[in-house]
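Undergrad: have a look at this prediction, sequence included:
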Amino acid sequence: MTPFRTEIEIPKYPSSLGYNSNSIFLGSCFSDNIGNRFAKYKFPAQVNPFGVLYNPLSIERAIDRLCNGKHYDETELFEHNSLYHSFDHYSKFSDEEISETLGKINASFTTAQKAMPKLNCAFITLGTSFVFEHLQLKRVVANCHKLPDSTFNRYQLKLTEIEQSLTKSIELLKSKSEHVEVVLTVSPIRHLKDGAVNNNWSKALLIAACHNIIDKIDGVHYFPAYEIMMDDLRDYRFYEKDMLHPNQQAIDYIWQKMLTAFVVEDTQKVMHEIQKVVLASQHRPMNVRSIVHQQFVMKQLDVVKQLQEKFPFVDLNNELEFFNEQIVA
């Protein structure tokens, strides 16, 4: 049969992700989508501890902070529209109380910072080469938090600046974990507020920087998420209604490509077993006290205990706690 689409075959990567592999996902919404998939299957993964980060300089700043281990304090927050924000963090950390904002920021920071020396793999997803520089602070911010446009100078990074920033990020990661492998990706989400031409120009600079770096630094790889979306899934039926974000079907497809590339078959079998018990823990019964549900709970407890014995490196404590709480004396 004549091929009717351009399918991008992804080669196996030199190292594989397993349940004893610690990873971190940093960058755009795509990092959230893929990183949370790994976390859902109980891989030890840190997913965007600063929230969504779009540009290379903000990602570098986040990595530098994690590697240096410096927690945030109140002097680094600011108030706008009755909320306290951080220029290093996404808006999900913002809160009406400064103590709440700081608490969420440092709780996420602490968890990620502890994982840094044990990292096996770091996924960095670049969204755009356009940045917002705070005029008073004289530095690029990760999020503008709806401050007036006059607060910032918006400009596009040069190719050399992107390369320098990514190189610094990789050096920082390797300084904390010598054997960490770094996977660079470019987000398939289009930034059409810049216009189609500028969006493609921006993505082209990011792609060029990634390929220049993998040719120079060992242990750095490229995963073609952007190319899969643009060339393999070349159809608007794979987008959300905004025509910018990949829909669930597209994310599922790219996820399968990543599994094939990074996760060996034996580990995928473990994932399948874990998925069943995770889904079971999301079951919400009409009647907790019913005989049928109590039998279901006891069966799931046996399954969890068997999995813990078989795969002691997988953390199923939340599922164990959930089913124990469902037992009616």
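TA: Received it, and whenever you're ready, just let me know what you need.

Undergrad: would you check how far apart L147 and Y72 are?
TA: Between L147 and Y72 the distance, using C-beta to C-beta, to the nearest Å, works out to 19 Å. In short, each C-beta sits where N, CA and C put it, glycine included.

Undergrad: shaky segments in this structure?
TA: Within the chain, the segments meeting pLDDT under 70 span 1, 3.

Undergrad: how about the strands of it, start to end?
TA: When assigned using DSSP state E, the strands of the chain occupy the ranges 22-27, 45-47, 77-80, 83-86, 119-126, 130-134, 139-141, 152-156, 181-186, 220-222.

Undergrad: so which elements touch the longest one?
TA: By that I understand strand 119-126. Here strand 119-126 is seen to pack against strand 22-27, helix 29-40, helix 56-68, helix 159-176, strand 181-186, helix 196-214 when contacts are counted using 3 or more C-beta pairs under 8 Å, 6 or more residues apart in numbering; DSSP states H and E.

Undergrad: mind listing what's buried in stretch 154-168?
TA: Residues of stretch 154-168 classed as buried: Q156, L157, E161, I162, E163, Q164, S165, L166, T167, K168 (neighbour count, 16 or more other C-beta atoms under 10 Å).

Undergrad: please apply the same query to stretch 232-250.
TA: Under the neighbour-count criterion of 16+ other C-beta under 10 Å, stretch 232-250 has D232, L233, F238, Y239, H245, P246, A250 buried.

Undergrad: neighbours of L301, how many?
TA: Here the number of neighbours of L301 (other C-beta atoms under 10 Å) works out to 18.

Undergrad: and it, how close does it get to S281?
TA: In this structure, L301 and S281 are separated by 11 Å, where distance is defined by C-beta to C-beta.

Undergrad: do E325 as well
TA: Distance of E325 to S281, given as C-beta to C-beta: 11 Å.

Undergrad: equivalent analysis for I251, please.
TA: Note on I251: its distance to S281, by C-beta to C-beta, is 23 Å.

Undergrad: so what's the residue nearest to K12 when sequence neighbours are not counted up against?
TA: The spatial neighbour of K12 that comes closest, neighbours along the chain excluded (C-beta to C-beta, 6 or more residues apart in numbering), is A261 at 6.2 Å. Applying C-beta atoms under 8 Å, 6 or more residues apart in numbering to A261 gives the contacts I10, P11, K12, Y13, F223.

Undergrad: so how far is L66 from the spatially closest residue to I24 that is not a sequence neighbour?
TA: Counting by C-beta to C-beta, 6+ apart, I24 lies nearest to Q46, which is 4.3 Å off, once chain neighbours are set aside. Computed as C-beta to C-beta, the Q46 to L66 distance reads 9 Å.

Undergrad: what's the overlap in contacts for those two?
TA: By C-beta under 8 Å, 6+ apart, the residues touching both Q46 and L66 are A112.

Undergrad: thanks a lot, see you next time.
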